[in-house]
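1. Sequence first, then the predicted structure:
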Amino acid sequence: MTASAEWTARDASTVWHPFTQHAQWTGDRPVVVDRAEGPWLIDVDGRRYLDGVSSLWTTTLGHGNPDINAAITAQLAKLDHSTFLGTTHTPGIELSEALVELAPKGDGPPLTKVFYAGDGSSAVEAALKIAYQYSTQTGRSRPKFVRLEHAYHGDTLGAVAVGGHDLFHEAYKPLLLKTIGVSSPGDRALGPDRNAKAIADLRAVMRDEGEQVCAIILEPMIQGAAGMLDYDAAFLRAARELADAHGALLIFDEVATGFGRTGKMWAAEHAGVVPDLLTCGKGITGGYLPLSAVLAAEHVYEAFLTRPGDTTPRTFFHGHTYTANPLCCAAALANLRVMGEQDVIGRAAALGDRLAKLLEPVGSNAGVLEIRQLGTMIGVEVAPVGARTGFAVCQAARERGVWLRPLGDTVVLMPPLTLGEAETDLLVNALAEAIDEVLA
Ligand SMILES: Cc1ncc(COP(=O)(O)O)c(C=O)c1O
């Protein structure tokens, strides 16, 4: 019996995994990861797999980066944790300064304040509550959120309410906040003028219900979990205009797209639009530790300052035990410093271009329905040949030393931003051969 098989049997007896159907878990022969270096995951039997999805879209510089390792170790020697409620600490302060400095800039008010959370979902949850409370503290209660169809913003109930992904969200519908779904500009089913249709839909919703809407929330430029549905920047400019026209806030969820994934620091930069609230997570710590944040414009923050004559405090009564954990902040600071020093954003853009070129022949395979890409976020949609075709392609890629994970029948590629040329070749060749094998 291999070490992997032994550990899988032990795993199955006590562990309940996320997004996992345990009736087929052991049969799928999960990789039992023992260690990792650079873009490689190494299992308990010593087999190496290229981490083609950056450990669920988090790893920016690869695993075991010496600078991030050193920063966490140095922080550990000084301060492991102290609460951010009633005290503060230097890594938390320095990281908010760095994030404000890096925040997307444009014509609108800049993002000047940072509220920390733990995972992407908890950042979204905080942003939704901020947006609603902002409405109550600047005029009147606006209890509705506008969301896009096919959206994914996480799994806590508020985040689920603003999602539009039936497979993940349908079961919880009776529990959810009331939201208004509008067509997604990335929805291929709407045809080639999908962007114009989605803008018209958003315009009509805001005309009819805008007075009730506290915020429009969306994943800018590309809906990741929907299968990498990329869309036109004009939609973001229209959303900004319509939010302003109706007194609603605009929330960009950059949990997946932030920190270089799309070839720019933020997806918002593709459109030159600055939201009122921006959520980020995943790549913030380089993929090391759980940390997320909401970046807020000054006018939003100011609405939470108690004024003379107020009978109730305007405080944002929200936070978590480990808010702004110093080890997480130190990892994030090191990640951002290395990204700047080593032009990781430029390298991510170049990696995206190289992947696009290498994938051209894959796109002409008759079994490939569409390749969608923005920078290093890529979805290769394959024609189903039975159940779980996307998964079968990933298993075939695994036999070739590449670890991938599908979204339905869309195989996702989202490698570390610093992936070298040889590994990039391996990634695409393994995918191409896996598709040939499964769809033959
Ligand atoms: C756009 C977006 N928002 C939020 C989330 C949720 O993040 P987390 O899984 O860290 O809670 C995700 C996760 O994939 C995401 O893609």
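-> Noted; the coordinates are in hand.
2. contacting residues around the worst-scoring helix or strand of the chain on mean pLDDT?
-> Lowest by mean pLDDT, DSSP states H and E among the helices and strands of the chain is helix 166-169, with a mean of 83. With Cβ atoms under 8 Å, 6 or more residues apart in numbering as the test, helix 166-169 has contacts from Tyr152, Asp155, Val160, Gly163, Leu176, Ala225, Gly408. (C-beta placed from N, C-alpha, C; glycine too.)
3. Poorly predicted segments of the stretch 1-150 of the chain, please.
-> Filtered on pLDDT under 70, the stretch 1-150 of the chain yields no residues whatsoever.
4. contacting residues around the residue of it found nearest the ligand?
-> The stretch 1-150 of the chain approaches the ligand most closely through Gly120 (2.2 Å), counting by Cβ to the nearest ligand atom. Counting by Cβ under 8 Å, 6+ apart, Gly120 touches His153, Gly154, Asp253, Val255, Ala256, Thr279, Gly281, Lys282, Ser292.
5. will you turn those residues into CSV that also has neighbour count and distance to the ligand?
-> Formatted as CSV, the contacts of Gly120 follow (neighbours: other Cβ atoms under 10 Å; distance: Cβ to the nearest ligand atom, whole Å):
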residue, neighbour count, distance to the ligand
His153, 31, 5
Gly154, 24, 3
Asp253, 30, 5
Val255, 28, 4
Ala256, 28, 4
Thr279, 31, 7
Gly281, 28, 5
Lys282, 28, 6
Ser292, 26, 7
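6. what's the closest of those residues to Leu417?
-> Lys282 (12.1 Å; Cβ to Cβ).
7. Kindly provide the distance from that closest one to Ala225.
-> 12 Å (Cβ to Cβ, to the nearest Å).
8. tell me, what's touching those two both at once?
-> Common neighbours of Lys282 and Ala225 (Cβ under 8 Å, 6+ apart) are Ala256.
9. For the stretch 101-250 of the chain, what lies in contact range of the ligand?
-> Applying Cβ under 6 Å from any ligand atom, we find that the stretch 101-250 of the chain lies next to the ligand at Asp119, Gly120, Ser121, Val124, Tyr152, His153, Gly154, Glu219, Gly224, Ala225.
10. Select from those every entry located in strands.
-> Using DSSP state E, no member of those sits in strands.
11. can you give me phi and psi for Trp379?
-> One thing to correct before we go on: residue 379 is Gly, not Trp. phi -120, psi 130 (degrees, to the nearest 10).
12. residues in contact with it?
-> Counted by Cβ under 8 Å, 6+ apart, Gly379 has contacts Gly227, Met228, Leu229, Glu370, Ile371, Arg372, Gln373, Leu407, Thr410, Val411, Val412, Leu413.
13. That one bridge partners, please.
-> Arg372, Val412 (DSSP bridges).
14. Make a markdown table from the contacts of helix 166-169 and add pLDDT to it.
-> Shown next, in a markdown table, are those (pLDDT from 0 to 100):
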| residue | pLDDT |
| --- | --- |
| Tyr152 | 97 |
| Asp155 | 96 |
| Val160 | 97 |
| Gly163 | 96 |
| Leu176 | 94 |
| Ala225 | 97 |
| Gly408 | 95 |
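15. Most neighbours of all those residues, which one?
-> Ranked by the number of neighbours (other Cβ atoms under 10 Å), the contacts of helix 166-169 place Gly163 first, at 27 neighbours.
16. any idea which helix or strand carries that residue?
-> Secondary structure from DSSP states H and E places Gly163 outside every helix and strand.
17. Distance check, it against Gly224.
-> In terms of Cβ to Cβ, Gly163 sits 12 Å off from Gly224.
18. residues touching Val182, list them.
-> Val182 neighbours (Cβ under 8 Å, 6+ apart): Val146, Arg147, Leu148, Glu149, Ala198, Asp201, Leu202, Val205.
19. Is it possible to get these out as a markdown table so that each row also shows neighbour count and secondary structure?
-> Formatted as a markdown table, the contacts of Val182 follow (neighbours: other Cβ atoms under 10 Å; DSSP: H, G, I helix; E, B strand; the rest coil):
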| residue | neighbour count | secondary structure |
| --- | --- | --- |
| Val146 | 28 | strand |
| Arg147 | 22 | strand |
| Leu148 | 30 | strand |
| Glu149 | 22 | coil |
| Ala198 | 25 | helix |
| Asp201 | 18 | helix |
| Leu202 | 24 | helix |
| Val205 | 20 | helix |
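20. still on that earlier bit, who touches both of Gly163 and Gly224?
-> Tyr152.
21. I'd guess Ala293 is in a helix, am I close?
-> No: read with DSSP: H, G, I helix; E, B strand; the rest coil, Ala293 is strand and lies in no helix.
22. neighbours around it, how many?
-> Counted with other Cβ under 10 Å, Ala293 comes out at 26.
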